[in-house]
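Engineer: can't give you the sequence, but here's the structure:
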């Protein structure tokens, strides 16, 4: 075991509440309002003082189905007060909590089903200290090798603070288990990445993209038209003159975002998740191609779902395209209940009100600037989706404020913010702290000897140190 027992005890993430075997939708008499079960209120209120008064107070709300085999949903609330969550990244049947100091915790289901889920999760990942348990379990080696970012879908990729990656696939033959030899990236430092269903993209500081995995739909970005590669290969980005800032993946498409706000895509066009205008332009699925209809916009961020995406522009507008058969973005005159072909303005929700947005398997969630949560799409996000699914023209309010009103995260002026992450059949709403670090101004000091003090953000006590005489 890495570290010591006391360290792990301090970093526990307790389960506040769990409701299992949810088979009915939880709605009010009006059928349109979505709410938490009444007993959750009592459970949360019992822990309220601990959560709210903690300096890095927070919670993680996980709802839906991690286990594809289980038709029943579940709901769990975890207290994340003792860790400082940086982000939560969701894969198909698991999610990873990444802390500010680089530790990672895994939540998942240890089940399998032929043709749907991947049995190697259980047998292969355990060998590398990655355990899929219902409660957050520390990935112990991340204590000694802190992680900077995480990317997940079916595969799982860790980027450490040194610019090296660990990759874990679901097929032993892929030979991606553990730290990847940087020789595969020409010894270039990795700065970003993402995962599709069966492929991985890696971006290096040299502005190169390396890809791995299935290439049936051209999602590896050129250089090869082989159906699959078991080593990272360099994608063809020679025609992209701007510096690349990030890469993204859906199930079987790949996207590039450049520093000047332009988007390029390659891969499958079946669900229109590449943003290309199928019949109106010539599209080479093996080549990263500029996404049309965005010429006058500067794109700042992309939120990739299973077969659909949303793009946030600097203007504050949100554009969407891809699979909308489950009303993932609601419906309107311009957003059909079918494939959305080409970038289309999201007109089913007031763009000016959006603070965060995330796309999952068959639904999307919006967090507003007022710290409200709204959901649209297939009713897989039990127990929140309304029983009356006729409300498909817009987003339904999760009404978290009704039960977490006393939590800082729901106060728009608070430094504690609400974030969202989504897997195929589950969603995660969690809190992060955006409080800036404090720095002391040592104008006048006196020497203090033979006293153990904690100074500023020092984690170790010192026997002799400078101490401030005046208040900051």
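Structural biologist: Noted; the coordinates are in hand. All values reported here derive from a predicted model rather than from experimental measurement.

Engineer: So the closest residue to residue 370 other than its chain neighbours, which state does it fall into?
Structural biologist: Leaving out its chain neighbours, the residue that sits closest to residue 370 by C-beta to C-beta, 6 or more residues apart in numbering is residue 412, at 5.6 Å. (Each C-beta comes from the backbone N, C-alpha and C, glycine too.) Here residue 412 is recorded as coil under DSSP: H, G, I helix; E, B strand; the rest coil.

Engineer: Model confidence for residue 412, exactly?
Structural biologist: Per-residue pLDDT puts residue 412 at 83.

Engineer: How about the secondary structure of the residue nearest the centre of the chain?
Structural biologist: Nearest to the mean C-alpha position of the chain, counting by C-alpha atoms, centre = their mean, stands residue 89 at 3.4 Å. Following three-state DSSP, we place residue 89 in the strand state.

Engineer: which residues does it contact?
Structural biologist: Counting by C-beta atoms under 8 Å, 6 or more residues apart in numbering, residue 89 touches 95, 96, 98, 150, 151, 152, 421.

Engineer: Spatially nearest residue to it, not counting backbone neighbours?
Structural biologist: Residue 89 sits nearest to residue 150 (C-beta to C-beta, 6+ apart), 4.3 Å away.

Engineer: neighbours of that neighbour, just the number please.
Structural biologist: Under the neighbour criterion other C-beta atoms under 10 Å, residue 150 is assigned a count of 24.

Engineer: elements contacting the helix or strand harbouring it?
Structural biologist: Assigned by DSSP states H and E, residue 150 belongs to strand 147-152. Contacts defined by 3 or more C-beta pairs under 8 Å, 6 or more residues apart in numbering; DSSP states H and E place strand 147-152 against strand 85-90, strand 94-99, strand 156-160, strand 190-195.

Engineer: Among the ones you listed, single out whichever gets nearest to residue 207.
Structural biologist: Nearest to residue 207 among the helices and strands packed on strand 147-152 is strand 190-195 (9.7 Å), distances taken as C-beta to C-beta.

Engineer: which residues are contacting that closest one?
Structural biologist: Against strand 190-195 from outside (C-beta under 8 Å, 6+ apart): 91, 149, 151-157, 159, 163-165, 200-205, 245-249, 304.

Engineer: Need the mean per-residue confidence for it.
Structural biologist: The model assigns strand 190-195 a mean pLDDT of 98.

Engineer: now swap in stretch 229-241 and tell me
Structural biologist: pLDDT averaged over stretch 229-241 gives 92.

Engineer: repeat for stretch 347-361
Structural biologist: pLDDT averaged over stretch 347-361 gives 95.

Engineer: cool, and stretch 198-217?
Structural biologist: Rounded mean pLDDT across stretch 198-217 is 95.

Engineer: first to last residue in that stretch, what's the distance?
Structural biologist: 11 Å (C-alpha to C-alpha, to the nearest Å).

Engineer: And for stretch 85-101?
Structural biologist: 9 Å.

Engineer: Report the separation between residue 106 and residue 427.
Structural biologist: Note on residue 106: its distance to residue 427, by C-beta to C-beta, to the nearest Å, is 17 Å.

Engineer: With neighbour numbers in mind, choose between these two.
Structural biologist: The neighbour comparison of residue 106 against residue 427 (other C-beta under 10 Å) goes to residue 427, with 27 against 21.

Engineer: so the more buried one is in which element?
Structural biologist: With DSSP H and E as the test, residue 427 turns up in strand 426-433.

Engineer: Next: residue 326.
Structural biologist: Element membership for residue 326, per DSSP H and E: none, as it lies in no helix or strand.

Engineer: what number of residues lie near it?
Structural biologist: By other C-beta under 10 Å, neighbour count at residue 326 equals 18.

Engineer: Please name the residues that touch it.
Structural biologist: Residue 326 touches 362, 363, 377, 378, counting by C-beta under 8 Å, 6+ apart.

Engineer: one step back: let me know the closest of the contacts of residue 89 to residue 68.
Structural biologist: residue 95 (14.6 Å).

Engineer: ok, that closest one touching residue 428?
Structural biologist: Yes: if you go by C-beta atoms under 8 Å, residue 95 and residue 428 touch, sitting 5.6 Å apart.

Engineer: thought residue 412 was touching residue 369?
Structural biologist: Yes: counting by C-beta under 8 Å, residue 412 does reach residue 369; the two are 6.3 Å apart.

Engineer: ok so, going back, which members of the contacts of residue 326 occur in strands, if any?
Structural biologist: 363, 377 (DSSP state E).

Engineer: Where do the helices of the protein begin and end?
Structural biologist: Counting by DSSP state H, the chain has helices at residues 5-10, 38-53, 120-124, 141-144, 401-404.

Engineer: so where's the chain shaky on pLDDT?
Structural biologist: 1-11, 21-56, 70-71, 110-123, 278-282, 379-393, 401-403, 405-406, 435-472 (pLDDT under 70).

Engineer: again, 50 this time
Structural biologist: 1-10, 24-37, 41, 44-45, 47-56, 113-118, 120, 380-383, 385-391, 438-472 (pLDDT under 50).

Engineer: What residues does the nearest residue to residue 424 once chain neighbours are set aside make contact with?
Structural biologist: Excluding its sequence neighbours, the residue lying closest to residue 424 (C-beta to C-beta, 6+ apart) is residue 361, at 3.3 Å. Residues near residue 361 by C-beta under 8 Å, 6+ apart: 305, 306, 378, 380, 422, 423, 424, 425.

Engineer: could you redo the last one with a cut-off of 7 Å?
Structural biologist: 305, 306, 380, 423, 424, 425 (C-beta atoms under 7 Å, 6 or more residues apart in numbering).

Engineer: Narrow the contacts of strand 190-195 to just the buried residues.
Structural biologist: Buried members of the contacts of strand 190-195, scored by 16 or more other C-beta atoms under 10 Å, are 91, 149, 151-157, 159, 164-165, 200-204, 245-249, 304.

Engineer: Run through who's touching the strand holding residue 427.
Structural biologist: Contact with strand 426-433 is made by 56, 58-66, 80, 84-86, 88, 90, 95, 360, 365, 373, 381, 409, 415-421, as judged by C-beta under 7 Å, 6+ apart.

Engineer: Now do the nearest residue to residue 362 once chain neighbours are set aside against residue 307, distance only.
Structural biologist: In space, and not counting its chain neighbours, residue 362 is closest to residue 378: 3.7 Å by C-beta to C-beta, 6+ apart. Separation of residue 378 from residue 307 (C-beta to C-beta): 12 Å.

Engineer: With residue 72 instead?
Structural biologist: 25 Å.

Engineer: out of these two, which sits in the busier spot?
Structural biologist: Comparing residue 72 with residue 307 by other C-beta under 10 Å, the one with more neighbours is residue 307, at 24 against 12.

Engineer: Now do the contacts for the more buried one.
Structural biologist: 250, 251, 271, 273, 322, 323.

Engineer: Any chance of those residues in CSV with distance to residue 355 and neighbour count as columns?
Structural biologist: Written out in CSV, the entries for the contacts of residue 307 read as follows (distance: C-beta to C-beta, whole Å; neighbours: other C-beta atoms under 10 Å):
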residue, distance to residue 355, neighbour count
250, 23, 28
251, 27, 26
271, 27, 21
273, 24, 27
322, 22, 26
323, 25, 22
